[in-house]
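> what shape does this take:
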Amino acid sequence: MAVQPVDVTGGESVYCINRTQLAEAFRLAEEDTASAPRIAAALESVAKELSRDEQAALAFVLIDKLLKSSPPTP
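Below is the predicted model:
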């Protein structure tokens, strides 16, 4: 039985990511000397192991878990 792909680009909005959050995410992923290599390795591993739909599911579940968890204390 073939699995039908899930459209991850349409539908009602649930979470809002602002430009500042997105810019900081890209800064960490591309420029931060400590975080960038770890994020790149994780992305490479996920891309090898999971389908596109599974990657989208992982992203959504991570965002949901982060929103529901307590922020770290400084």
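> going forward, measure contacts between C-alpha atoms and count neighbours the same way
Will do.
> near A2, how many other residues are there?
Applying other CA atoms under 10 Å, we find 4 other residues in the vicinity of A2.
> could you check the distance from it over to V46?
Look at A2 and V46: by CA to CA, to the nearest Å, they are 22 Å apart.
> again, but for C16
Noted for C16: a distance of 23 Å to V46, by CA to CA.
> and the two? which has more neighbours close in?
Remark: of C16 and V46, V46 carries more neighbours, 15 against 7, as counted by other CA under 10 Å.
> and the pLDDT at the residue nearest the centre of the chain?
Central residue of the chain (CA atoms, centre = their mean): A59, 3.7 Å from the mean position. As summarised for this prediction, A59 has a pLDDT of 94.
> one more: A2?
A2 is assigned a predicted lDDT (pLDDT) of 70.
> next: the one 3 residues further on.
Predicted confidence (pLDDT) for P5: 73.
> separation between it and E44?
Look at P5 and E44: by CA to CA, they are 21 Å apart.
> okay, now the unreliable bits of the protein?
Regions of the chain meeting the criterion pLDDT under 70 cover residues 1, 6-10, 72-74.
> so the residue nearest to the centre of the chain is in which element?
Counting by DSSP states H and E, the element that carries A59 is helix 52-68.
> same question for A25.
Counting by DSSP H and E, the element that carries A25 is helix 19-30.
> that helix packs against which elements?
Secondary-structure packing of helix 19-30 (3 or more CA pairs under 8 Å, 6 or more residues apart in numbering; DSSP states H and E): helix 35-49.
> now P5, what's its secondary structure?
Using DSSP: H, G, I helix; E, B strand; the rest coil, the structure places P5 in coil.
> do I have it right that it meets S51?
No - taking contact to mean CA atoms under 8 Å, the distance of 10.0 Å between P5 and S51 leaves them out of contact.
> which one of the two has more residues nearby?
The residue with more neighbours, out of P5 and S51 and counting by other CA under 10 Å, is S51; that gives 12 against 9.
> could you measure from the more buried one over to R38?
Remark: distance between S51 and R38 (CA to CA) = 21 Å.
> count of neighbours near P37?
Quick note: P37 (other CA under 10 Å) scores 15 neighbours.
> ok, and the closest non-adjacent residue to it?
Using CA to CA, 6 or more residues apart in numbering and skipping the chain neighbours, the partner closest in space to P37 is A29 (7.6 Å).
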